[in-house]
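1. based on what follows, work out the 3D shape:
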Amino acid sequence: MIYLFAVIFALLLYLAFYYLGIFLCKKNKFFNQQANKNIAIILSVILIPLVMTTDNEVLAYGIGYSFSPIIATLVCHFLVTQVFNQKKMRKKDIFFNKIYYQGFLGILILSYLALLLPAN
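-> Here you go, the predicted structure:
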């Protein structure tokens with residue numbers, strides 16, 4: 001039962017930062033211009049050695065840590081577009097659109113903030 005609460009809490013936390021990224025990109029012109037695939041890849045790759053040096057772990061740990069924002073953004077974007085949105089995405093709409101990358105920046109903020117927490 002405690003695991004269910006932990007999963008729900010983590011999902012709500014990721015959704016909050018997903019919406020924070022969208023909010024920041026709507027309010028700030030610089031963030032809105034930077035929300036694209038290239039920046040998402042660059043910030044994810046920078047996260048790998050940063051995590052390795054911060055937590056004194058191996059390469060596999062850093063790669064896994066950098067995949068967690070990608071997976072969380074996929075789940076959050078799916079939930080927002082298919083479950084929470086009133087108008088559903090049509091078949092021809094692109095899944096990896098501008099809103100996806102805006103939310104990805106928000107979840108990356110969470111990932112970088114999580115580096116401040118101790119690993120052990």
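2. gap between residue 48 and residue 63?
-> Distance of residue 48 to residue 63, given as CB to CB, to the nearest Å: 6 Å. The C-beta positions use only the backbone N, C-alpha and C, and glycine is treated the same way.
3. low pLDDT regions in the protein?
-> Residues of the chain that meet the criterion pLDDT under 70 lie in 86-93, 119-120.
4. centroid residue for it?
-> Within the chain, one residue has its C-alpha closest to the average C-alpha position: by CA atoms, centre = their mean, that is residue 107, at 2.9 Å.
5. OK, contacts around that residue?
-> For residue 107, the residues meeting the contact criterion (CB atoms under 8 Å, 6 or more residues apart in numbering) are 14, 17-18, 21, 69, 72-73, 76.
6. for it, pull up the helix or strand it's in.
-> Assigning secondary structure by DSSP states H and E places residue 107 in helix 98-114.
7. pretty sure residue 95 is touching residue 80, no?
-> No. Counting by CB atoms under 8 Å, no contact exists between residue 95 and residue 80, whose distance comes to 11.4 Å.
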